[in-house]
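K.L.:
here's my sequence, what's the structure:
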Amino acid sequence: MQQQAVALSVKAVVVAAALAACAGASAQREYGGIYSQTVIENSRNNGQNTTWGRQQRDAAIAAAAKWAQQTDETLWSMIPGQALPRCIDVTWDYDFPSNPRLGCLNCGDAIHDHGNYPYNPDIWNKPWKLTCPNCNIVFPTNDFGAYYRSGINSQGLFDPAVADRSLLFNAAHPDPTDPLHKYGVDDGYGYVDANGREHKFIGYYTWKYWREIWAGVLNLSNAYVLTGDKLYARKAAIMLDRIADVYPAMDWAPYANRGWYHSDGGSKRGKIEGRIWETQTVQNFARAYDRIISGTVDNPLLYNFLQQKDQQFTLPGAKGTSTALIANIDQGILVTAANAVKSQQIWGNEGMHQLSMALTALAMNQEPQTGQWLDWLFASNGGKIPTQMVQLFDRDGMANEGAPGYNYLWPGKYQEIIRLLERYPAYDRNRISRDYPWFRNASRAPWKVQLLNTFTPNIGDTGETGLLDMYFSPSIMAAGFEIFGDEVAARYAWEANGNRSTNLLMDIGSTTPDALNQQLELAALNYGQEARNGENLAGYGLASFEFGSDRTGKGLWCYYGRTTGHGHADRLNYGLYAFGIDMTPDLGYPEY
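P.N.:
Below is the predicted model:
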């Protein structure tokens, strides 16, 4: 008892010193750089006093309900660390290049009819299990949950070195002499079949599990903004603080080095996910944190709980005050993410890592970090936005991708960056809309590429064979009107949205949430309808003809462009559309 008292007193001194250091290193703040006091107040007023706003508020409450019902202990304990393996394919293994991907352990290749990511685990009702959508067999066969809980170490994290391996057996065949005693058993690193191939049930499950976690944090944070109920802020903060504890150590590389598969683009780099998809993970964490800061300032239930966890486990940062919480999340998530973007451990298609840095910088909302990170977006050794604007968008507004589906990722990301910076008056050294006005062509391009108001050609890695779809949202065109006042983009958005402006530019954080929608409609009607007979987009390299309109019309197209990103080696290939059918279908985005 005396030793324990001494240990606790020493820890109290360490915590006090850490808190003092945090106070000096991270200034106390009440709001993020996106969800300011004004934005939050407007959001709540609109969520209460407008029909559309009430729909948004009620949807947010419903989405957060299952998370709000969980105990603080449950939410804190949900966050896993680096030692819980993860991947995005159960069998993919680069060490077997002639046949890297297998089918279901039970029914074989029939599972491939259910898509590239066929397993959709029920995180809440069937934890640590994958159900084959073809044969309905459930794997792994062992109770991984019991094994996981047996391996919680002094840091409160799963550690295979301390887990009870006697729990690793087929629950339906508990007799050690049974030939099926170890069949389908996964300790986190996969079940190894008779041919030496790993079936990584838990690895795939953990990928989906982490996505459930960041969806929960987002839903809770959104509910807090729209209701003001600090319960939502407390639940989200508990999860974010725990994520901040583990995020610095997260690293995809050890699993990539085993031959496992994730969205790393062949780089073997990333953190929770491969480095391409990790951009979205960072964006979600930063956005959620920005939303809930004001709900954590005076929240004693939150700090009492975190202090209890600090006494129970050996945790990396100080706990128990608002200052400590902000310092931990600032360092554990924001600084870690910014450094990972700079080192390209987090790096996606153009626009993805830039948006990750922008959201991270604004969530930080303090100098010098915010200004430095926003400067990075435009630096020649950083985000290179000037290079993108000048060299990698052609005169038609299409980005440096052969595939339209990938092209449309670029303007959407940059449009969001424009909004973020133009609504953050503390930073004005760089403005995309001011400095690169020709970027407005990116808002017109999707409507010029599509044919007959019906389909976008399946050029390169776009869509599926024979699928007729647009592959873009009208919001891309609407943003051209919002940012540049472009009547042409307004008209295209209006037509793409079914000849109406409904919900195109609604802003729940504005004092007049429907004003831009109304202005867009007036601009669209003022501009009028263009005659459409086809296009020759010489910058992108697409020639098209249109006869008639909609699904009763006929269309002919040919791609002759220079751009290779996500493209296929079939330039000058013709596409013919008639009778509501793609008569000469391109391959679209190939499967594995």
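
K.L.:
could you give the number of residues near Thr177?
P.N.:
Here the number of neighbours of Thr177 (other CB atoms under 10 Å) works out to 6. (Glycine included, C-beta is placed from N, CA and C.)

K.L.:
mind checking the SS state of it?
P.N.:
When classified by DSSP: H, G, I helix; E, B strand; the rest coil, Thr177 comes out as coil.

K.L.:
try Thr360
P.N.:
What three-state DSSP gives for Thr360 is helix.

K.L.:
contacts only, for it.
P.N.:
Val282, Ala286, Leu334, Ala337, Ala338, Val341, Trp373 (CB atoms under 8 Å, 6 or more residues apart in numbering).

K.L.:
pLDDT score for Met1?
P.N.:
For Met1, the pLDDT comes out at 36.

K.L.:
next structured bit after the lowest-mean-pLDDT helix or strand in the chain?
P.N.:
When the helices and strands of the chain are scored by mean pLDDT, DSSP states H and E, helix 2-25 comes last with a mean of 38. Where DSSP states H and E defines the elements, the next helix or strand beyond helix 2-25 is helix 37-49.

K.L.:
who touches that following helix?
P.N.:
For helix 37-49, the surrounding residues in contact (CB under 8 Å, 6+ apart) are 30-31, 35, 52-54, 56-57, 225-228, 294, 508-511, 513.

K.L.:
next one: stretch 567-587
P.N.:
For stretch 567-587, the external contacting residues (CB under 8 Å, 6+ apart) are 401-403, 451-452, 454-455, 457-461, 465-468, 541, 551-561.

K.L.:
now stretch 114-134
P.N.:
So stretch 114-134 is contacted by 66, 88-90, 104, 106-107, 110-113, 137-140, 143-145, 148, 201-202, 204-205, 208-209, 212, 591-592 (CB under 8 Å, 6+ apart).

K.L.:
buried ones among these?
P.N.:
Burial by neighbour count, 16 or more other CB atoms under 10 Å: within the contacts of stretch 114-134 this picks out 88-90, 104, 111-112, 139-140, 143-144, 148, 201-202, 204-205, 208-209.

K.L.:
secondary structure element for the residue lying closest to Asp95 once chain neighbours are set aside?
P.N.:
Of all residues not flanking Asp95 in the chain, Gly259 sits nearest, at 4.0 Å (CB to CB, 6 or more residues apart in numbering). Element membership of Gly259, judged by DSSP H and E, is empty: it is in no helix or strand.

K.L.:
quick one: Gly259 and Leu180, what's the gap?
P.N.:
Gly259 is 27 Å from Leu180, where distance means CB to CB, to the nearest Å.

K.L.:
likewise Thr462?
P.N.:
Distance of Thr462 to Leu180, given as CB to CB: 45 Å.

K.L.:
those two: who's more crowded?
P.N.:
Set Thr462 next to Leu180 and count neighbours by other CB under 10 Å: Thr462 wins out with 26 against 13.

K.L.:
and stretch 490-506, average pLDDT?
P.N.:
Computed over stretch 490-506, the average pLDDT equals 95.

K.L.:
which residues sit against that stretch?
P.N.:
52, 443-444, 446-447, 453, 470, 472, 474-478, 480-482, 513-514, 516-518, 520-521, 523-525, 527-530.

K.L.:
could you export it as CSV, CA atoms only?
P.N.:
The C-alpha atoms that make up stretch 490-506 are tabulated as CSV, following Å, rounded to 0.1, in the frame of the first residue of the first chain:
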residue,chain,number,x,y,z
ALA,A,490,-24.9,27.8,-62.2
ARG,A,491,-26.9,26.6,-65.3
TYR,A,492,-25.0,23.3,-65.5
ALA,A,493,-25.6,22.7,-61.8
TRP,A,494,-29.3,23.5,-62.1
GLU,A,495,-29.7,21.1,-65.1
ALA,A,496,-27.7,18.4,-63.4
ASN,A,497,-29.9,18.7,-60.3
GLY,A,498,-33.1,18.1,-62.3
ASN,A,499,-33.7,21.7,-63.3
ARG,A,500,-33.9,23.0,-59.8
SER,A,501,-31.5,24.5,-57.2
THR,A,502,-32.9,22.5,-54.2
ASN,A,503,-30.2,21.8,-51.6
LEU,A,504,-27.3,22.6,-53.9
LEU,A,505,-25.8,25.4,-51.8
MET,A,506,-27.5,25.2,-48.5
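
K.L.:
taking the buried ones among the contacts of stretch 114-134 one by one, which sit in helices?
P.N.:
Among the buried ones among the contacts of stretch 114-134, DSSP state H puts Phe144, Tyr148, Phe201, Ile202, Tyr204, Tyr205, Lys208, Tyr209 in helices.

K.L.:
want to throw the residues you listed into TSV with pLDDT and distance to Ser433?
P.N.:
TSV is the format used below for these (pLDDT from 0 to 100; distance: CB to CB, whole Å):
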residue	pLDDT	distance to Ser433
Phe144	98	51
Tyr148	98	49
Phe201	98	48
Ile202	98	47
Tyr204	98	42
Tyr205	98	43
Lys208	98	38
Tyr209	98	40
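
K.L.:
any chance of those in JSON lines, plus distance to Asp187?
P.N.:
Output for these, formatted as JSON lines (distance: CB to CB, whole Å):
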{"residue": "Phe144", "distance to Asp187": "8"}
{"residue": "Tyr148", "distance to Asp187": "10"}
{"residue": "Phe201", "distance to Asp187": "10"}
{"residue": "Ile202", "distance to Asp187": "8"}
{"residue": "Tyr204", "distance to Asp187": "14"}
{"residue": "Tyr205", "distance to Asp187": "13"}
{"residue": "Lys208", "distance to Asp187": "19"}
{"residue": "Tyr209", "distance to Asp187": "16"}
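
K.L.:
span of stretch 376-391 from start to end?
P.N.:
Distance between the two ends of stretch 376-391: 18 Å, counting by CA to CA, to the nearest Å.

K.L.:
can you show me the helices along the stretch 101-250 of the chain?
P.N.:
144-150, 201-227, 230-246 (DSSP state H, counting those that start in this stretch).

K.L.:
tell me which element Lys66 is part of?
P.N.:
Assigned by DSSP H and E, Lys66 belongs to helix 51-68.

K.L.:
okay, whichever helix or strand comes after that helix in CSV with CA atoms only?
P.N.:
Note on helix 51-68: by DSSP H and E, the next helix or strand toward the C-terminus is helix 72-78. Output in CSV follows, covering the C-alpha atoms of helix 72-78 (Å, rounded to 0.1, in the frame of the first residue of the first chain):
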residue,chain,number,x,y,z
ASP,A,72,-17.8,6.3,-21.5
GLU,A,73,-15.8,3.1,-20.7
THR,A,74,-17.1,1.3,-23.8
LEU,A,75,-16.1,4.1,-26.1
TRP,A,76,-12.7,4.5,-24.6
SER,A,77,-12.0,0.8,-24.7
MET,A,78,-13.1,0.6,-28.3
